[in-house]
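Trainee: everything below, folded, please.
(one chain, ligands or ions: 2)
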Amino acid sequence: MDMIKESDLKVLFSEDSIQKAVRALGDKLNIEYGDDELYMICVLKGSVMFMVDLSKHLKMPLKMEFIRLSSYGSAFVSTGKVRAVDISLPDLNGKNVLVIEDIVDTGHTAKFLVDFINLNFKPKTFKFCSLLDKKCKREVEIDPDYFCFEVDDKFLVGYGLDYDGYYRNLPYIGYVE
Ligand code: IMP
Ligand code: MG
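Mentor: Ligands and ions are numbered 1, 2, ... in the order given. Here you go, the predicted model:
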């Protein structure tokens with residue numbers, strides 16, 4: 001597959017619809033957590049846009065952590081093998097923990113992370129939040145507690161999602177046919 005041209009992208013979610021959905025999720029989380037301290041854990045690199053935008057709507061005392069996982073595979077297909085590039089985290093025992101992902105596809109990355117946190121900590125609450133949920137591709141039994149949009153089996157780019165490292169900066173989410 002050659003370089004994708006931005007002019008070849010079809011818009012799936014506009015900047016406006018993403019921002020509206022992120023704000024609505026923020027409102028929901030504010031009700032859910034109230035004034036309780038929250039640890040957001042951003043899974044780099046794909047979740048960075050979502051993490052930053054969502055965090056701006058949150059009103060509780062908040063700490064942001066960043067970890068980096070990578071799944072082996074080609075630019076389009078995930079293999080189910082997950083590697084922790086940097087998973088250094090503070091003590092999460094007794095804390096409200098909310099993982100922030102860009103997309104749950106096969107579910108292997110989410111499962112790896114959920115298992116890692118449950119093995120190492122006993123959080124007060126532990127929830128998984130993903131901007132996108134590609135349910136039709138799931139290989140392991142795991143569902144995000146919160147998500148903004150369910151998506152079909154299309155390869156998506158933009159708003160953090162990349163093709164070969166490119167297009168994370170787009171303010172919208174698009175796909176190639
Ligand atoms: P999973 O382990 O198969 O659930 O895959 C999760 C990771 O695969 C995500 O965090 C993304 O980095 C990547 N991914 C899955 N689907 C897409 C896509 O449509 N576009 C870009 N990256 C994707
Ligand atoms: Mg990711």
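Trainee: look up phi and psi at the residue nearest to Glu141 when sequence neighbours are not counted.
Mentor: Counting by C-beta to C-beta, 6 or more residues apart in numbering, Glu141 lies nearest to Gly107, which is 7.5 Å off, once chain neighbours are set aside. Backbone N, C-alpha and C define where each C-beta goes, glycine included. Dihedral pair for Gly107: phi 100, psi -10, per degrees, to the nearest 10.
Trainee: burial of Gly107, as a residue count?
Mentor: By other C-beta atoms under 10 Å, the residues close to Gly107 number 22.
Trainee: surely it and Ile142 touch.
Mentor: Yes - Gly107 lies in contact with Ile142 (C-beta atoms under 8 Å); the separation is 4.4 Å.
Trainee: burial measure for Asp8, as a count.
Mentor: For Asp8, the neighbour count with other C-beta under 10 Å is 11.
Trainee: contact partners for it?
Mentor: Asp8 makes contact with Val176, Glu177 under the criterion C-beta atoms under 8 Å, 6 or more residues apart in numbering.
Trainee: tell me the pLDDT of it.
Mentor: Asp8 carries a pLDDT value of 89.
Trainee: for it, grab phi and psi.
Mentor: Backbone torsions for Asp8, taken as degrees, to the nearest 10, come to phi -90, psi -10.
Trainee: tell me if Thr106 really is in a helix.
Mentor: No - counting by DSSP: H, G, I helix; E, B strand; the rest coil, Thr106 is located in no helix; its state is coil.
Trainee: how near is it to Asn30?
Mentor: 31 Å (C-beta to C-beta, to the nearest Å).
Trainee: of the two, which one has the most company?
Mentor: Using other C-beta under 10 Å as the criterion, Thr106 and Asn30 rank with Thr106 on top: 20 against 14.
Trainee: dump the residue contacts of the more buried one.
Mentor: Residues in contact with Thr106 (C-beta under 8 Å, 6+ apart) are Ser78, Gly80, Lys137, Arg138, Glu139, Val140.
Trainee: right, and the last one touches His108 too?
Mentor: Put plainly, it is Val140. Yes - counting by C-beta under 8 Å, Val140 touches His108, with 6.1 Å between them.
Trainee: higher neighbour count, those two?
Mentor: His108 (20 against 14).
Trainee: what's the separation between the more buried one and Leu62?
Mentor: Taking C-beta to C-beta as the measure, His108 falls 28 Å from Leu62.
Trainee: what does Glu37 give?
Mentor: Distance of Glu37 to Leu62, given as C-beta to C-beta: 7 Å.
Trainee: what do you get for Asp91?
Mentor: Counting by C-beta to C-beta, the separation of Asp91 from Leu62 is 17 Å.
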